[in-house]
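# I need the structure of the sequence given here:
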Amino acid sequence: MKRIYHNYKLWEDNRNGMYDTSLKYNERETEILVKLSINLLTDSDRFYSTAKDMIDDWKISAEQNLTIASRNHESWVGQASCSYAHKIPERITKLAWKMLKTSEQLEANIVAQRVIDEWWDIQDYDR
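Here you go, the predicted model:
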């Protein structure tokens, strides 16, 4: 697989605040964002639909992240989907992930991998 690079200023996930460490949340705000992440990641149909929309809309970020062989693609899809749906930074989604049951994590990874496989199926370059 050939890695595709894009300047970080073009990444849609970055422009949406996914990596913004300057955003500060109080305990209540963090709790709400964690719940939103959990609700999305544990609703397979909604997660799938959101992830598909995100990947279709965030073409540059998708190329940047899904062509990096060493990247955890499933985690990026989950984090980016939460950012896309609710402007939740990745660090909050990581907190939510730790609160999921193992079976919920496995199911979310299955959904994310399905979206990734479908994305690769329509690409013009080799995996």
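# tell me what the lengthiest helix in the chain is packed against?
The residue-count maximum for a helix in the chain (DSSP state H) belongs to helix 102-121. Applying 3 or more C-beta pairs under 8 Å, 6 or more residues apart in numbering; DSSP states H and E, we find helix 102-121 packed against helix 44-57, helix 59-66, helix 73-86. Placement of C-beta: from N, CA and C, glycine included.
# Of these, give the one that comes closest to residue 6.
Checking these against residue 6 by C-beta to C-beta gives helix 59-66 as the closest, at 4.9 Å.
# just to revisit the earlier point, got the angle between the longest helix of the chain and helix 44-57?
Angle, helix 102-121 to helix 44-57, by axes from the mean of the first three to the mean of the last three C-alpha atoms, to 10 degrees: 30 degrees.
# re earlier: using TSV, lay out the helices and strands packed on helix 102-121 together with mean neighbour count, mean pLDDT and distance to residue 20.
TSV is the format used below for those (neighbours: other C-beta atoms under 10 Å; pLDDT from 0 to 100; distance: least, C-beta to C-beta, whole Å):
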stretch	mean neighbour count	mean pLDDT	distance to residue 20
helix 44-57	17	98	17
helix 59-66	21	96	14
helix 73-86	23	98	10
